[in-house]
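Below are the sequence and a predicted model; questions follow.
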Amino acid sequence: MINWLDSPFLQPMEAPMKDGRVVVIRPLRMEDAAGLLEMERALHATGVGVVRLLDELPETPEEQAEQMESAIITEKSVVRGVKYVALVDGVLVGNADIKRVRWKLLRHVSRLSIGIHPDYQELGIGRVLMARLLGWALEGPGTSHGGIRRIELGVFESNTRARRLYESLGFEIEGRHRNFLRLPDGSLETDITMAMVLPAPAQNAERVARSEAGDPSRA
């Protein structure tokens, strides 16, 4: 059995941000519970790109830790996905995850999500996190069980900034779900399904290189 804990995609990495600071990307750890909850509260307070209200988030870091437990990769883990966090000056400012569908006939399909603290958006963190997820899928643990051949995500139609990022990385619109989300004011939002259909595993290295070479300041 391969020990995916040795994968370079499960080691911390650093990348420059648009403002000259450095962001550290690494897998989620249990000690991140309080920081992750604080980041999620700040993001959900904006009401942009989220499907939960503030009172639907965990109430305490302990509750957050319970929800995180299945995302922590250990030596005994059956690795179907990874959750990364982004840290700037030791503060957790973003997270992103990718997870394969568990059923055997759909194991080549994975689903992706990402969130950045509102005070740290437009600094390139989103692009760095996305590149790391794509690397995991195309060259890291995602190559197990025949490899990932399809990555899906959802984005609200009004979130043009995120849509531009996904399109620049090769995701394409596959469908629209009208009246998907009812906002607190009663208005309805359309959700867009985007996907990246991947080439055969032998061609994946080139795609990873292209994503990681992208200018992080664009995100």
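Thanks, I have it.

Okay, the residue nearest the centre of the chain and R26: tell me how far apart.
Note on the chain: the residue nearest the mean C-alpha position is A96, at 2.4 Å, using CA atoms, centre = their mean. Distance of A96 to R26, given as CB to CB, to the nearest Å: 12 Å. (Each C-beta comes from the backbone N, C-alpha and C, glycine too.)

just L92 next, same as before
Relative to R26, and taking CB to CB, L92 is found at 10 Å.

Compare the two (neighbour count), which wins?
Higher neighbour count among L92 and R26: L92, with 20 against 16, using other CB atoms under 10 Å.

From what I see, the more buried one and D32 are in contact.
Yes - here L92 reaches D32: they are 5.9 Å apart, a contact under CB atoms under 8 Å.

Need the residues touching each of those two.
Shared contacts of L92 and D32, defined by CB atoms under 8 Å, 6 or more residues apart in numbering, are found at V85.

list residues touching both of L92 and R26?
By CB under 8 Å, 6+ apart, L92 and R26 have these common neighbours: V85.

Buried residues, the helix or strand hosting I25. List them.
Per DSSP states H and E: I25 is located in strand 22-27. Using 16 or more other CB atoms under 10 Å as the test for burial, strand 22-27 gives V23, I25, R26, P27.

Let me see the ranges of the helices in this structure.
All helices of the chain, identified by DSSP state H, fall at 33-46, 61-68, 125-138, 160-168, 204-212.

Output the ones you listed in TSV; the columns should cover mean neighbour count.
Formatted as TSV, the helices of the chain follow (neighbours: other CB atoms under 10 Å):
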stretch	mean neighbour count
helix 33-46	18
helix 61-68	15
helix 125-138	25
helix 160-168	16
helix 204-212	16
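
In CSV: those, plus mean pLDDT and distance to I116.
Formatted as CSV, the helices of the chain follow (pLDDT from 0 to 100; distance: least, CB to CB, whole Å):
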stretch, mean pLDDT, distance to I116
helix 33-46, 95, 7
helix 61-68, 89, 18
helix 125-138, 94, 5
helix 160-168, 95, 9
helix 204-212, 54, 17
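
Tabulate these in JSON lines, adding columns for distance to E174.
Listed next are those as JSON lines, based on distance: least, CB to CB, whole Å:
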{"stretch": "helix 33-46", "distance to E174": "25"}
{"stretch": "helix 61-68", "distance to E174": "29"}
{"stretch": "helix 125-138", "distance to E174": "18"}
{"stretch": "helix 160-168", "distance to E174": "12"}
{"stretch": "helix 204-212", "distance to E174": "19"}
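
Buried residues of stretch 141-160, list them for me.
Buried residues in stretch 141-160, defined by neighbour count with 16+ other CB under 10 Å: 141-143, 147-149, 151-157, 159.

Among those, which one sits closest to S70?
Ranking those by separation from S70, with CB to CB as the measure, puts P141 on top at 15.7 Å.

as a whole number, average confidence for stretch 15-23?
Averaged across stretch 15-23, the pLDDT comes to 97.

Kindly check the end-to-end length of it for me.
5 Å (CA to CA, to the nearest Å).

Any idea how far it is from the middle of the chain?
19 Å (CA atoms, centre = their mean, to the nearest Å).

what about R21, distance to E189?
From R21 across to E189, the span is 33 Å (CB to CB).

Kind regards, and thank you for your time.
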